[in-house]
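[1] Structure for the following, please:
(one chain, ligands or ions: 2)
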Amino acid sequence: MKDLTINTAIEFDLPAPFVGRHLIAGEWVDGAETSERVSPSHGAVVSVSAKGDEAMAERAFAAARASFDAGVWSRISGKERATVLLKVADLIEANVERIAIYETLESGKPISQSRGEVEGAADLWRYAASLARTSHGDSHNSLGEDMLGVVLKEPIGVVSIITPWNFPFWILSQKLPFALAAGCTVVVKPSEMTPSSTVMMGELLMEAGLPAGVCNIVLGFGQPVGQVMSTHPDVDMVTFTGSTAVGKMITQAASGTLKKVALELGGKNPQVICPDADLESAADAVTFGVYFNVGQCCNSSSRIIVHEDIAEDFVARVVALSRKVRFGDPLDPETQVGAIVTSEHAAKIDAYVQAAVAAGATVELGGGALSVDGLGDQFYQPTVVSGVSADMAIAREEVFGPVLVVMTYRTLEEAIALTNDSEYGLSAGIWSEDIHTCLEFSRRAAAGTVWTNTWMDGYPELAFGGVKQSGQGREIGRYGFEEFLEVKSLVMRVGRSRAPWVKQDV
Ligand code: NAP
Ligand code: MG
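    Ligands and ions are numbered 1, 2, ... in the order given. Predicted coordinates:
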């Protein structure tokens, strides 16, 4: 593997395994059972977590419901809620290193990216604090002299938050501060593979003065904890990030009590590369888009659709850059791509590549597991696959690994058709120096986010989410915040002018 850039193991004393407990009504609670997480890069146990059951989930919802109904959070002022959220943001910043180390040890992602994830999350909390104070409904003062109408915004109630392993702290922060800003109370379940940063968040919430019972955390698996979270009659809304398959199961489970369901699911996100693009910038962004977070990212740009006149040159550029991307020890601050989350997931990634090869695709680079000195072989090589047709599984399904698929087009019409030929619709991008090409693509791409001449930039002020089977509802920004609010109309008579309905002269 001489032609790749590999960062071998650095000297590092692993910290003691983090012990994670449930947080119920402001108390830390041990579980009858525990589960261990073995670091994908180091093969050592890095955390031991309580493993929740149905009874623990019941306790969490009893606490969330009671605190919501008591009004200790749901009925206080936006100013008071914002004060707590701002304290949480400060505490996150003071604890970046501790949170980031365990995030990297549990997930396998590079430490630089864990640090970025945790630091960035503080900004989501600050932005949500601003919404807590500025949220308002509407007034209708033109309904007639004797009428005043007011549309009130109220917290939706008790919210289940279910998160995956790929960005445990960030995805929690895309949901939790917005739910709290709205006045909701919550029960959170992180992935059983990456629970520790969520428990640390619980510690920060208590330190910041969040009242007991407002945020409860139950550790454990989708079955049975996630199941209770989607069916419990005390739950008003479920917000979930993860696979499309589980998203569908949650929607079905929640239908029994007609809960609101918000879903952030997978993607098969394309970038279209036009012949007039700044190819140097585009190649760098494509390389970033496919390898960031080890390719285990709902927003990964796992497909590129490149004009056939420049395809050979462009693929050569991406392959050359891929050889320079630093793969290896996630604890090395220089590393850009770490380990794959589990060996089963690594096998799944490889199966997509081998099936594509069997169907006639060409591996331009990589295409197999990667062994890193001192760290074992739960890594996957930077992989570029060309000659891919739209019917191959590798072109249609979410691979969730460092694997780029190359397709070609001749006309913009064809590029847009390929972009939209997907069950997913999370994000899409285009690279062109022609504003008209960029605008036409942006309007016609079926996606929740479109990037022009950039990739994966995001801001708390904007909205995030997908169309088609990439999900429903939006996160972050004002639109994401509104998801946690219920709307109530208040109709008020002014004076005693109402004409009687019952005729008095009968
Ligand atoms: P997942 O199976 O969808 O799980 C996500 C979360 O849902 C976890 O906390 C999981 O718990 C929980 N869950 C599982 N079954 C549930 C159920 N029946 N009811 C309620 N909650 C349930 O995702 P994953 O196991 O983390 O990864 C599987 C695949 O999903 C990946 O290979 C990837 O393709 C995709 N994925 C997509 C995203 C994204 O952002 N779009 C993120 C992560 C993964 P436990 O896993 O702890 O049991
Ligand atoms: Mg799972």
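[2] What about the residue of the stretch 251-400 of the chain found nearest ligand 1, how many residues nearby?
    Evaluated by C-beta to the nearest ligand atom, the stretch 251-400 of the chain has Cys298 as its residue closest to ligand 1, separated by 3.2 Å. (Each C-beta comes from the backbone N, C-alpha and C, glycine too.) Cys298 has 26 neighbouring residues, counting by other C-beta atoms under 10 Å.
[3] next one: Gly495
    By other C-beta under 10 Å, 8 other residues sit near Gly495.
[4] Kindly confirm my reading that it is in a strand.
    No. Judged by DSSP: H, G, I helix; E, B strand; the rest coil, Gly495 forms no part of a strand; its state is coil.
[5] Return the residues in contact with it.
    Gly495 sits next to Asp146 when contact means C-beta atoms under 8 Å, 6 or more residues apart in numbering.
[6] Look up how far ligand 1 lies from it.
    Look at Gly495 and ligand 1: by C-beta to the nearest ligand atom, to the nearest Å, they are 53 Å apart.
[7] just Gly157 next, same as before
    Separation of Gly157 from ligand 1 (C-beta to the nearest ligand atom): 19 Å.
[8] and the closest residue to that residue other than its chain neighbours, how far is that from ligand 1?
    Excluding the flanking residues, the one nearest Gly157 by C-beta to C-beta, 6 or more residues apart in numbering is Asp236, at 3.3 Å. Note on Asp236: its distance to ligand 1, by C-beta to the nearest ligand atom, is 16 Å.
[9] follow-up on the earlier one: any idea how far Ala89 is from the residue of the stretch 251-400 of the chain closest to ligand 1?
    In this view, Cys298 and Ala89 are 24 Å apart by C-beta to C-beta, to the nearest Å.
[10] Next: Asp421.
    Separation of Asp421 from Ala89 (C-beta to C-beta): 42 Å.
[11] Those two: which has the busier surroundings?
    Just comparing Asp421 and Ala89: by other C-beta under 10 Å the higher neighbour count belongs to Ala89, 22 against 15.
[12] Next, the more buried one: secondary structure please.
    helix.
[13] picking up where we left off before, what's around the residue lying closest to the residue of the stretch 251-400 of the chain closest to ligand 1 once chain neighbours are set aside, how many residues?
    Excluding the flanking residues, the one nearest Cys298 by C-beta to C-beta, 6+ apart is Gly267, at 5.1 Å. Around Gly267 there are 30 other residues, counting by other C-beta under 10 Å.
[14] Which pLDDT value goes with Gly267?
    pLDDT, Gly267: 96.
[15] in terms of contact, does Ser160 touch Val187 like I think?
    Yes. Counting by C-beta atoms under 8 Å, Ser160 does reach Val187; the two are 5.5 Å apart.
[16] Quick check: phi and psi at the most centrally placed residue in the chain.
    Central residue of the chain (C-alpha atoms, centre = their mean): Ile171, 4.3 Å from the mean position. As for Ile171, its main-chain torsions (degrees, to the nearest 10) stand at phi -70, psi -40.
[17] sorry, back to before: now do the shared contacts for Ser160 and Val187.
    By C-beta under 8 Å, 6+ apart, the residues touching both Ser160 and Val187 are Met229, Val235.
[18] Could you find the residue in the stretch 1-150 of the chain that comes nearest to ligand 1?
    Using C-beta to the nearest ligand atom, the point where the stretch 1-150 of the chain gets nearest to ligand 1 is Ser35, with a distance of 9.2 Å.
[19] got a list of what the closest residue to that residue other than its chain neighbours touches?
    Counting by C-beta to C-beta, 6+ apart, Ser35 lies nearest to Lys51, which is 4.7 Å off, once chain neighbours are set aside. With contacts defined as C-beta under 8 Å, 6+ apart, Lys51 is in contact with Gly31, Ala32, Glu33, Thr34, Ser35, Glu192, Leu219, Gly220, Phe221.
[20] Drop anything exposed from the residues you listed.
    Neighbour-count burial (16 or more other C-beta atoms under 10 Å) applied to the contacts of Lys51 gives Gly31, Ser35, Glu192, Leu219, Gly220.
[21] Farthest pair within those?
    The most widely separated members of the buried ones among the contacts of Lys51 are Gly31 and Glu192, with 11.7 Å between them, by C-beta to C-beta.
[22] Now do the shared contacts for the two.
    Common neighbours of Gly31 and Glu192 (C-beta under 8 Å, 6+ apart) are Ser49, Lys51, Leu219, Gly220.
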